[in-house]
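K.L.:
Please find the sequence and the predicted model below.
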Amino acid sequence: SLSQPEREGMFHRGPGLNLTSGQYTAPTAGYYTFSSTLHIVRREPRRKGQGCRGSRLRVLICVQSRCQHNSNLETVSRLESGGDRFPISVTGTLYLQAGQYASVFVDNTAGSPLTVQSGSDFSAILLGV
């Protein structure tokens, strides 16, 4: 059954997604394909002389908020000096037991505050058990 979107542009079908917590809880055990694209904005410009060291951003989809290597999907992007708005995507397949949840985490080592803009997305599709 299709549920009504809470905001314009949102699409939500099926059980499992909690829009308040940002967690997707698996209704049944199985392999799920997850995908997320975040539209990131750097809220303050890089200061002149600020080095590139540590200017990277990790986006992860983790099971049960445990982001160890074997229970997550991860992508790493370098923050370029030009352009303050950029997309970063992560996608892949994870196995979830019934009742386990997955959610998106942002690990910001960039040294400047970042904002996730509207238009970002997070989806989960059951592939099989």
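P.N.:
Yep, that arrived.

K.L.:
middle-most residue in this protein, spatially?
P.N.:
Centrality entry for the chain: nearest residue to the mean C-alpha point is Val104, 3.6 Å, by C-alpha atoms, centre = their mean.

K.L.:
ok but it is inside a strand, no?
P.N.:
Yes: when DSSP: H, G, I helix; E, B strand; the rest coil is applied, Val104 is found to be in a strand.

K.L.:
Please enumerate the strands of the chain.
P.N.:
17-18, 23-25, 30-42, 56-63, 72-78, 85-96, 101-108, 114-116, 121-128 (DSSP state E).

K.L.:
got those strands as CSV, with mean pLDDT columns?
P.N.:
Formatted as CSV, those follow (pLDDT from 0 to 100):
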stretch, mean pLDDT
strand 17-18, 76
strand 23-25, 92
strand 30-42, 92
strand 56-63, 91
strand 72-78, 89
strand 85-96, 92
strand 101-108, 91
strand 114-116, 86
strand 121-128, 91
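
K.L.:
re earlier: bridged to the nearest residue to the residue nearest to the centre of the chain once chain neighbours are set aside, which residues?
P.N.:
Closest residue to Val104 apart from its sequence neighbours, by C-beta to C-beta, 6 or more residues apart in numbering: Ser36 at 5.0 Å. For every residue, glycine as well, the C-beta is placed using N, CA and C. Ser36 forms beta bridges with Val90, Phe122, as assigned by DSSP bridges.
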